[in-house]
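K.L.:
Need a 3D model of the sequence below.
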Amino acid sequence: MQLRFRWNISASLLLALAAAAPLGARVVGRLYAMNQATVKIEVTGGPIIYIDPTGITTSPADADFILLTHNHGDHQSTAVIGRLRKATTVLVSSPPGVPALQTAFPETTIHAVTPGARLTLGGVEVETVAMYNIARNNHPRAMNFVGYVVNVGGVRVYHAGDTERIPEMRTFAADVAMLPLGQVFTMVSVQDAIAAALDVRARIAIPIHWGNAEGTLADATLFANTLSSRMQTMIRTPDEGFALEVSETVAIAEQPASQTVAPGGSTALSIQATGTGTVRYQWRRNGEAMVGATGASLAIARASADDAGDYEVIVTDANGPLRSRMARVAVAPPVPGRLVNLSVRAPLRGSAPLIVGAVAAGGNKPVLVRGIGPTLAAFGVQGAAADPRIEVHADVSGRDTVVAANNDWGAGGAAAGLRTAFAASGAFDLPDANSRDAALVTTITGARTVHVADAAGSGGVALVEVYDADLAGSTRLANLSARSFAGTGDATLIAGFVVSGNVPRRLLIRGVGPRLAAGFGVTGALADPKIELYLSEGGRSTLFAANDNWAETGAAPVRAAFASTGAFDFPDASSRDAALVVTVPAGAFTAQVSGVGGTTGEALIEVYELP
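P.N.:
Next up, the predicted model:
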């Protein structure tokens, strides 16, 4: 049967889309939704990827990668895989499907994946997400079946497999959502599939898994027509494939920022973007296009619970669309954000310590300090430090003095009290009270440095953590920092930190290298550091901001931030140190400092609260 391309869009929306249709967009790939759940993706200048191929009777032998959500016969067919594969084909499968694949294709590379995995396949980033049933038992969660999100040149394509609508769908975004129509084995109803398309904030929705054991043409039509006022929809892709398009010329200079607004209050979201020709905007809330919200800013007046949600804007120029980062609006009494945790993982070099700094503002601040080594092995870390030791240093009468120390955290019956502090601070537990990890609770005033070294001088990878142990107190951790060797790969200098509250916080984040050498005589300093700041949310880590050379957009405003925090200055505006002035929502972040061009050396990473 010939597959016909059908748009299901109301007449008024069709006119609007025609007016806004991108001209000359770059095609990054073509998408084919074939029989049952079979999907083919041809990446422009890249690999050919199949997902859940079945029912194919020809033998093109053109698959570079075959992704399998689960091992049911209408999703995994060794006969069809045999027709598609070539000598270099790589298979990716959830665990239950692997044994049959190994038997059928013993010489083929097979990756077993569970939800939350990330792979790069032929230059294409692939994420796995949860796939399971709640109301039915056809696809139990315990089986670790997966859906896939494939990033095709910036267009995120989601293949849901045989899932129901599940809570995890609210934790990631997709431009194209391919969802089963269910009512027997997958979705409870077509309405659930419609809601799932909104959950993942799709721009384009395509029904799959219909016309065979479940789902009818009428269901597919209902799905497409219901969503047509909110996004592009189609029942089937065209014979030549659906073109996945992006704009290379839209540039977002300032992303929408998360906000907390009091009930009845007002706020606004905004974006700064440029592009080729006329630049158009369409704001979306919780995946739905907002009627009339087509400007660069979006005002919210007299905020109510209905205004709370996840906002984003699709920016379109003459060459296609680009999706902004998501901004979360909370309608609640505001709780100012503040730094509550810093953690640094880095290699210890012999007896040289990894040094972490903390500054308390406003008085005495109880803190939990940990040096983790042996327990890192449980997280798959190779070469963990065998016996880390903590020393807390302070300036006492002009002399560097050790004011607190610990070697083995559970010694002397201290485990019970420390475990209480772990739980209160949100720190992961240390299950073995006899492990040689180190931990202590102490009170700091002003500036302190934490030195962590291996007690035997053997080196190894260590995790150093400083937690606010009095979250209800008024005293704050105003500055957290770490100095260590910044290498490549696993030796990249990585600092994680957490901002509490529900009001965005303005921060200064620095990656210092040349200034260490020029101003403080540090030998082997990193010559050209760069900073990358990632937001961790919903099991995903997304690049939030980055900087290479601190003064590249103007030295004056950055220097003003230095002065407001008491940070030492960078006298040379041409130095290759890095710095970010950024407003972040509450949440967990990682700041990575590495050398441009793979260079290595000693570096300092700093996180300051800004007024």
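K.L.:
Please count neighbours and contacts with C-alpha atoms only from this point.
P.N.:
OK.
K.L.:
okay but residue 603 is in contact with residue 524, surely?
P.N.:
No. Using C-alpha atoms under 8 Å, residue 603 is not in contact with residue 524; the gap is 9.1 Å.
K.L.:
Looking at those two, which is more packed in?
P.N.:
Between residue 603 and residue 524, counted using other C-alpha atoms under 10 Å, the more crowded position is residue 603 (30 against 15).
K.L.:
Most distant residue from the centre of this protein?
P.N.:
Of all residues in the chain, residue 397 has its C-alpha farthest from the mean position, at 45.4 Å, by C-alpha atoms, centre = their mean.
K.L.:
And that one, its phi and psi?
P.N.:
Main-chain torsions, residue 397, degrees, to the nearest 10: phi 50, psi 40.
K.L.:
What confidence value was assigned to it?
P.N.:
pLDDT, residue 397: 90.
K.L.:
just residue 235 next, same as before
P.N.:
89.
K.L.:
Would you agree it is in contact with residue 206?
P.N.:
Yes. Residue 235 lies in contact with residue 206 (C-alpha under 8 Å); the separation is 6.1 Å.
K.L.:
any common contacting residues for the two?
P.N.:
Common contacts of residue 235 and residue 206, defined by C-alpha atoms under 8 Å, 6 or more residues apart in numbering, comprise residue 224.
K.L.:
The two: which is more packed in?
P.N.:
A side-by-side neighbour count of residue 235 and residue 206, using other C-alpha under 10 Å, places residue 235 first with 24 against 21.
K.L.:
quick one: the more buried one and residue 586, what's the gap?
P.N.:
Counting by C-alpha to C-alpha, to the nearest Å, the separation of residue 235 from residue 586 is 40 Å.
K.L.:
With residue 249 instead?
P.N.:
Using C-alpha to C-alpha, residue 249 is found at 31 Å from residue 586.
K.L.:
what's the answer for residue 354, then?
P.N.:
From residue 354 to residue 586 the distance is 27 Å (C-alpha to C-alpha).
K.L.:
out of those two, which sits in the busier spot?
P.N.:
residue 354 (25 against 21).
K.L.:
Is it correct that the more buried one is in contact with residue 493?
P.N.:
No. With contacts counted by C-alpha under 8 Å, residue 354 stays clear of residue 493, the gap being 11.0 Å.
K.L.:
Show me whatever sits in contact with both of the two.
P.N.:
Shared contacts of residue 354 and residue 493 (C-alpha under 8 Å, 6+ apart): 346, 484.
K.L.:
Can you report phi and psi for residue 196?
P.N.:
Dihedral angles (degrees, to the nearest 10) for residue 196: phi -60, psi -40.
K.L.:
residues in contact with it?
P.N.:
So residue 196 contacts 165, 169, 179 (C-alpha under 8 Å, 6+ apart).
K.L.:
repeat that for 10 Å
P.N.:
For residue 196, the contacting residues are 160, 164-167, 169-170, 177-180, 187, 190, 202, 205, 287, by C-alpha atoms under 10 Å, 6 or more residues apart in numbering.
K.L.:
closest to residue 514 among the residues you listed?
P.N.:
Distance to residue 514 across the contacts of residue 196 (C-alpha to C-alpha) is lowest for residue 170, with 42.8 Å.
K.L.:
Now that closest one. Nearest residue, chain neighbours left out?
P.N.:
residue 199 (5.1 Å; C-alpha to C-alpha, 6 or more residues apart in numbering).
K.L.:
Distance of that neighbour relative to residue 312?
P.N.:
When distance is defined by C-alpha to C-alpha, residue 199 is 13 Å away from residue 312.
K.L.:
what is in contact with the two at once?
P.N.:
Common contacts of residue 199 and residue 312 (C-alpha under 10 Å, 6+ apart): 286, 287, 288.
K.L.:
Who wins on neighbours among these?
P.N.:
Taking other C-alpha under 10 Å as the neighbour criterion, residue 287 ranks highest of the shared contacts of residue 199 and residue 312 with 25 neighbours.
K.L.:
Give me the pLDDT for it.
P.N.:
Residue 287 is assigned 74 on the pLDDT scale.
K.L.:
hang on, isn't it packed against residue 202?
P.N.:
Yes. The pair residue 287 / residue 202 is scored as a contact, 6.4 Å apart, by C-alpha atoms under 10 Å.
K.L.:
quick one: contacts for residue 303?
P.N.:
Taking C-alpha under 10 Å, 6+ apart, one finds 261, 262, 263, 264, 265, 266, 267, 329, 330, 331, 332 in contact with residue 303.
K.L.:
Quick one, which of those are buried?
P.N.:
Those of these that meet the buried threshold are 261, 263, 329, 330, 331, 332, by 16 or more other C-alpha atoms under 10 Å.
K.L.:
Any regions of the stretch 401-550 of the chain where pLDDT drops low?
P.N.:
For the stretch 401-550 of the chain, residues meeting the criterion pLDDT under 70 lie at 490, 538-540.
K.L.:
the strands in it, which residues?
P.N.:
For the stretch 401-550 of the chain, the strands defined by DSSP state E, counting those that start in this stretch occupy 438-454, 460-468, 476-486, 493-499, 505-512, 529-537, 540-547.
K.L.:
quick check: angle from the third one to strand 438-454?
P.N.:
For the pair strand 476-486 and strand 438-454, the angle between their directions (axes from the mean of the first three to the mean of the last three C-alpha atoms, to 10 degrees) equals 30 degrees.
K.L.:
quick one: strands adjacent to strand 476-486?
P.N.:
Strand 476-486 has the following sheet partners, assigned by DSSP bridges: strand 354-372 (antiparallel), strand 601-609 (antiparallel).
K.L.:
Could you do the longest one as well?
P.N.:
In the sheet containing strand 438-454, its partner strands are strand 354-372 (antiparallel), strand 388-396 (antiparallel), by DSSP bridges.
K.L.:
buried ones in the first one?
P.N.:
In terms of neighbour count (16+ other C-alpha under 10 Å), strand 354-372 has its buried residues at 354-361, 365-372.
K.L.:
so how far is stretch 493-509 off the chain centroid?
P.N.:
On the basis of C-alpha atoms, centre = their mean, to the nearest Å, stretch 493-509 sits 15 Å off its chain's mean C-alpha point.
K.L.:
measure that stretch end to end?
P.N.:
One end of stretch 493-509 to the other measures 14 Å (C-alpha to C-alpha).
K.L.:
start the count at 88, not 1, going forward
P.N.:
Got it, the first residue is 88 from now on, which makes the last one we talked about stretch 580-596.
K.L.:
how many other residues sit next to the nearest residue to residue 431 once chain neighbours are set aside?
P.N.:
Of all residues not flanking residue 431 in the chain, residue 582 sits nearest, at 4.5 Å (C-alpha to C-alpha, 6+ apart). Neighbourhood size, residue 582 [other C-alpha under 10 Å]: 25.
K.L.:
Tell me if I'm right that residue 582 and residue 694 touch.
P.N.:
Yes. Using C-alpha under 10 Å, residue 582 is in contact with residue 694, at 9.2 Å.
K.L.:
Now the host helix or strand of residue 168 - C-alpha only, CSV.
P.N.:
For residue 168, the element it lies in under DSSP states H and E is helix 165-171. Extracted C-alpha coordinates of helix 165-171, given in CSV (Å, rounded to 0.1, in the frame of the first residue of the first chain):
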residue,chain,number,x,y,z
THR,A,165,16.0,-11.1,13.9
ALA,A,166,14.9,-11.9,10.3
VAL,A,167,14.4,-8.3,9.5
ILE,A,168,17.6,-7.3,11.3
GLY,A,169,19.4,-9.8,9.2
ARG,A,170,18.0,-8.1,6.1
LEU,A,171,19.1,-4.6,7.2
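K.L.:
Please give me every residue in contact with the spatially most central residue of the chain.
P.N.:
In the chain, the residue lying closest to the centroid (C-alpha atoms, centre = their mean) is residue 628, at 1.9 Å. Residues near residue 628 by C-alpha under 10 Å, 6+ apart: 620, 621, 622, 675, 676, 677.
K.L.:
Pull the distance from the helix or strand hosting the fourth one to the chain's centre.
P.N.:
With secondary structure defined by DSSP H and E, residue 675 is part of strand 674-682. Centre-to-centre, strand 674-682 and its host chain are 12 Å apart (C-alpha atoms, centre = their mean).
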